Every structure is written in C-alpha cells, then in structure tokens.
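Engineer: The following block contains a protein sequence and its predicted model.
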Amino acid sequence: MTKMQKYLAGILVLGVIFFAFVVIRIGIAKPATKFELAQIPEDQKLTRMAYASAYPLQFNSFKMNMDGAPSPTGFGGAQAENSHLTEQPEQLMLFKGYKFSIQYDDDRGHWYAGEDILNSKRRPGQKGSCITCKGSYMYDVYFKESGWDYASKPFDEVVAPIKDDEWFGCSTCHDPETMQLRVYNQGFIESMAEAGIDISKASHNEMRVFVCGQCHTEYFFTAEDGRVHMPYANGFTAEDEWKYYQDGHAKAFTGDWTHPDSGARMLKAQHPDFETWWGSVHSDAGVTCVDCHMPYMRENGQKYTSHWMTSPLKTTEESCLKCHDESKEVLIARVQTIHDNTFKLQRIAGETTAKAHTTIAAAKAAGATDEQLAQARLLVREAQWYWDWVAAENGMGFHNPDRVMRTLGLSIDRAHKAIESATAAVKGAL
C-alpha cells in the first residue's frame, strides 16, 4: 500500500467512526418533540400546576418568570423594589391626585400577576375589570356566564373565588381544551374589529402577536359598563389614539382623573407595547413577540417554545442571532444606546410636562380664568399622553425607535406650548 493509499484509508476510517458516532448519538437521543395533547381534569383547567407534568419543558421555563434579575441594559427588569417615582421624581407631579402617585414599581414576571394586584397599594376601590388581563378566569367563568357584568362589580367581590393557582397561567394564552393559541380578552376582539381586523381570521403568526397584544396594549374602562376597550379605531400610533379620545369614540369616558394643580382632565396610558411594535422594522419583517421574547429552545434533543417571557438580551443566541449576523456584544451595545437615548429624552419630556402643570396652577392663582386656561390644559393633557405612551411602554424605545422618538418630541413640543399658553393667560388676566 502506497503512502497516499494509507492516507486515504486513514481518512476513510475516521469518516466511518465519525458517522457511526452521529448515527448512535441520534439513535439514543430523544426525538424532536412531537406535541401530544394532554387530558387535564375539567376542574383544574384554569390552574397552573395541572399542566406541570403534562408539558414539563414549557412549564419549567414558565416558572423562570419568577426571576427578578435586572435586564442587561438596566431598563425593563422585573425588580419590584425599583420605584419609578424614585427614579423619575417628576412623576409625583405628573400623577398627582391619581393612584399612580402612591405606588408605581417595576413589573414582576407574569407568575406574580395575581399576587401583585392583590397586594397593590392602588387596588382599594378598584372594579372587577382590573382582573381582565390577570388570567382567563374572567373569560372562562365570568364572561361565559354573564358577559361584562363582572367588570363593574367591586374588585374584592370578583376576586374572592379565584384560587392562588388560577391567576395567569397556561389557559391565559392557550385554549385548555386544545392548547391552541387563543385571544380570550373580548375587549381586544371588539377593538380590533373597529380597526377592521377580524381576529377569527388571524394566521398562526398573527396569533403569536395578538395573544400577547390583547393585554400588552393601551386600554380604558368604558364609563357605560366598565368593559375593557382599546382606542384602535383611528390606527395604532400615539397620535391616532389621542385623536380617539378627543373625537368622541370613547363616548362617556373623558379621562382617568383631574389633576389637582393644573385642573386638566388627564389620561393614563397603559403599556402600549402592541401598538409600538406595529409598523416597526421587526413587525414589517413578520417578527413577532414570541420570536424574540419566547424563542425556540432545545433540551436533550427536544425542541420547545420557551415560556420565560423575558428580555431577548437574556437569550440573545436564540432570540437575536438566528436572524442577525452581528456579534452578541454589538447587538447588546446597540440596544443599550437606544435605551439610554430614549430614557434621557423621556426624562426631558416628563420634566417639561410637570413644569407645565405648575405653570398652569400659578396662572390660576394669578387670576387667570378657566376659560383662559382651557387651551393650556388641553395642551398639557396631550403632552402627558405622549410622554406616558412611551414611559408606560416596556421596550424603552427598542420596539420602534423612530415612533418613540417622534412621540417624545411631540410631548416636549406640547408641554412648551402649554407653558406659553398659561403664561399668556396670566397676561390676559391682568
């Protein structure tokens, strides 16, 4: 045998050994996960723990929502001890006279949805509508029995029969009979219909957005019956939703509270993550909430969807690098820049809007009439709406940097105009 033949024979032997190893490894490994529908007892379908043994990979990852570690950029973590009122003291003026001036902490993971609302300092005096996004009990029990009746009842009466294990869990996003993704929030279905979108015709990829969007969105409680509704009829930007509240779509609902200093009728934005994402680069590319926040994972050769709804920067390889060819370090630095810039501009908008409230109050004290201050109050209402639309959103600018920068710019502009209007009102009163 020549030297070349020996060389080729050696390569052949190594090749055989390698492929034999691969075949054996595949043979002993568990096959790719094949979904098998588990039978959950009827009286346990709304509980969390009933699904633990049936879907262990998904459930164990869902338990990771108990994690309270900070996010890699310092924004959007789940540390309940972090108070927005301390980090952004201008919010004490912005929310003066409203319950958010009492307590406004970072959100903990979905696992704590029930526990945190029960312990909230803002809870006393609230209505049953507040449980709508805290689990499917509102739909599978209350709504199926009597529609929106639960929404206007006292909160404590509505939550009394709900067990600790029946808050946010598997049935919140999955039909407990089929485990198919579902939108259970009827207010979202009604509101999307106003925007010309029929949820019943949604594709699977669209459902991967709508299931999250049904709660991660701006909403209000109707004055007529307390039902949850979203201001989508004009579109999904902050300006579209502002117009909704101004053009009569909200009917008897005029605002959440009246600011005690400025006298302005105010709106409280509620985490419009869905609307911010809408029309973004990721949205236009068909990338959904689930792709980034609940990526596919593998364990012992089994593929499953992670149910740890967390920052994509904690699962960068699975969430980001499947599409992006930049390094992990470059991607994190890019997100950090967006977060830092958004927060700086958000603070400017908030501080300027807070100054507008105090300027209007000073004008009132100086003798300006309600009629003279009407325009300034409308402007500060609008300025704070745009500020809060960003401040209440969970992406700190990343979900749609262009839209967020524009919205904060509008906030600063309206706040300055409110100050100018109030100042002019004082001159008119002299």
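Structural biologist: That came through, no problem. Numbers count the residues shown, from 1 in each chain.

Engineer: those strands in the stretch 101-250 of the chain, which residues are they?
Structural biologist: 220-221, 228-229 (DSSP state E, counting those that start in this stretch).

Engineer: Can you get me the centre-to-centre distance for the longest helix seen in the chain and its chain?
Structural biologist: Identified as the longest helix of the chain according to DSSP state H is helix 328-365. Distance of helix 328-365 from its chain centroid, counting by CA atoms, centre = their mean, to the nearest Å, is 19 Å.

Engineer: Show me what it is packed up against.
Structural biologist: Helix 328-365 sits against helix 90-94, helix 316-319, helix 370-391, helix 401-429, with contacts defined as 3 or more CB pairs under 8 Å, 6 or more residues apart in numbering; DSSP states H and E. All C-beta spots, glycine's among them, are computed from the backbone N, C-alpha and C.

Engineer: Quick one: closest of the ones you listed to residue 204.
Structural biologist: In terms of CB to CB, the element of those nearest to residue 204 is helix 316-319, at 19.2 Å.

Engineer: List the buried residues of the closest one.
Structural biologist: Under the neighbour-count criterion of 16 or more other CB atoms under 10 Å, helix 316-319 has 316, 318-319 buried.

Engineer: Adding distance to residue 187 and pLDDT, write these out as CSV.
Structural biologist: Formatted as CSV, the buried residues of helix 316-319 follow (distance: CB to CB, whole Å; pLDDT from 0 to 100):
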residue, distance to residue 187, pLDDT
316, 34, 95
318, 32, 96
319, 29, 96
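
Engineer: what's the neighbour count on the nearest residue to residue 49 once chain neighbours are set aside?
Structural biologist: Leaving aside its sequence neighbours, residue 49 sits nearest to residue 165 (CB to CB, 6 or more residues apart in numbering; 5.7 Å). Close neighbours of residue 165, defined as other CB atoms under 10 Å, add up to 14.

Engineer: do you know how far residue 130 is from residue 118?
Structural biologist: Counting by CB to CB, to the nearest Å, the separation of residue 130 from residue 118 is 11 Å.

Engineer: cool, residue 356 as well?
Structural biologist: In terms of CB to CB, residue 356 sits 36 Å off from residue 118.

Engineer: next one: residue 293
Structural biologist: Counting by CB to CB, the gap from residue 293 to residue 118 is 25 Å.

Engineer: same check, this time on residue 196
Structural biologist: Counting by CB to CB - residue 196 and residue 118 are separated by 38 Å.

Engineer: More neighbours: those two, which one.
Structural biologist: residue 118 (16 against 8).

Engineer: wouldn't that one be in contact with residue 159 here?
Structural biologist: Yes - the criterion here is CB atoms under 8 Å, and residue 118 meets it with residue 159 at 7.0 Å.

Engineer: Tell me which residues of stretch 97-115 come out buried.
Structural biologist: 98-101, 104-114.

Engineer: for stretch 270-281, same thing?
Structural biologist: 270-278, 280.

Engineer: Closest to residue 88 out of the buried residues of stretch 97-115?
Structural biologist: residue 104 (9.0 Å).

Engineer: Could I get the contacting residues of the closest one?
Structural biologist: Under the criterion of CB atoms under 8 Å, 6 or more residues apart in numbering, the neighbours of residue 104 are 83-85, 91, 95.

Engineer: what's the distance between it and residue 122?
Structural biologist: Taken as CB to CB, the span from residue 104 to residue 122 is 8 Å.

Engineer: and what of residue 37?
Structural biologist: 40 Å.

Engineer: Same question for residue 133.
Structural biologist: In terms of CB to CB, residue 133 sits 15 Å off from residue 122.

Engineer: more neighbours, these two?
Structural biologist: residue 133 (23 against 15).

Engineer: hmm, back to that, what residues sit buried inside the longest helix of the chain?
Structural biologist: Quick answer for helix 328-365 (16+ other CB under 10 Å): 331-332, 335-336, 338-339, 341-343, 345-357, 359-361, 363-364.

Engineer: Compare the strands of the stretch 101-250 of the chain and give me the one nearest residue 256.
Structural biologist: Among those, if distance is taken as CB to CB, the winner is strand 220-221, at 7.7 Å.

Engineer: Which neighbouring elements make contact with the closest one?
Structural biologist: Counting by 3+ CB pairs under 8 Å, 6+ apart, strand 220-221 packs on strand 228-229.
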